[in-house]
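Novice: Next input, structure requested:
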Amino acid sequence: MAFPVTSSTLTEMQITDALVEAEAGILQCMAAEFCNDIVPALKGGTSAMEVTPVTRIDAEKRARLVKEFLCAYACKECAIADIIDAVA
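Specialist: Presented below is the predicted three-dimensional model:
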């Protein structure tokens, strides 16, 4: 993270930058998991993250888990939007 997260020392812009940076990191992790691990396994190939090949069943379980993560992430984003609307 570019800035320490202590509200007493950060400007509003630095807080915003820290939040955006954290959100970008979350999205990069989810994209890497999906693109480098789950999709190749679903196509019958080997996962970029695994030493042993991932079976299609394992990949489908992972895909369901990613779906649950994405749904939870969307709920979090809606909550953040509600907070921003309330503060604005």
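Novice: which stretches of this protein aren't confidently modelled?
Specialist: Within the chain, the stretches with pLDDT under 70 are 1-8, 41-42, 44-57, 88.
Novice: What segments of it are helices?
Specialist: 12-33, 39-42, 56-87 (DSSP state H).
Novice: Let me know which of those helices is tucked in deepest.
Specialist: helix 39-42 (a mean of 18; mean count of other C-beta atoms under 10 Å). Where you see a C-beta, it was placed from the backbone N, CA and C, and this is true even at glycine.
Novice: Now residue 30: closest residue in space, sequence neighbours ignored.
Specialist: residue 69 (6.5 Å; C-beta to C-beta, 6 or more residues apart in numbering).
Novice: For residue 17, see how far away the one you found is.
Specialist: 24 Å (C-beta to C-beta, to the nearest Å).
Novice: cool, and residue 71?
Specialist: On the measure of C-beta to C-beta, residue 71 and residue 17 end up 27 Å apart.
Novice: likewise residue 37?
Specialist: In terms of C-beta to C-beta, residue 37 sits 29 Å off from residue 17.
Novice: And for residue 38?
Specialist: On the measure of C-beta to C-beta, residue 38 and residue 17 end up 31 Å apart.
Novice: Cool, thanks, signing off.
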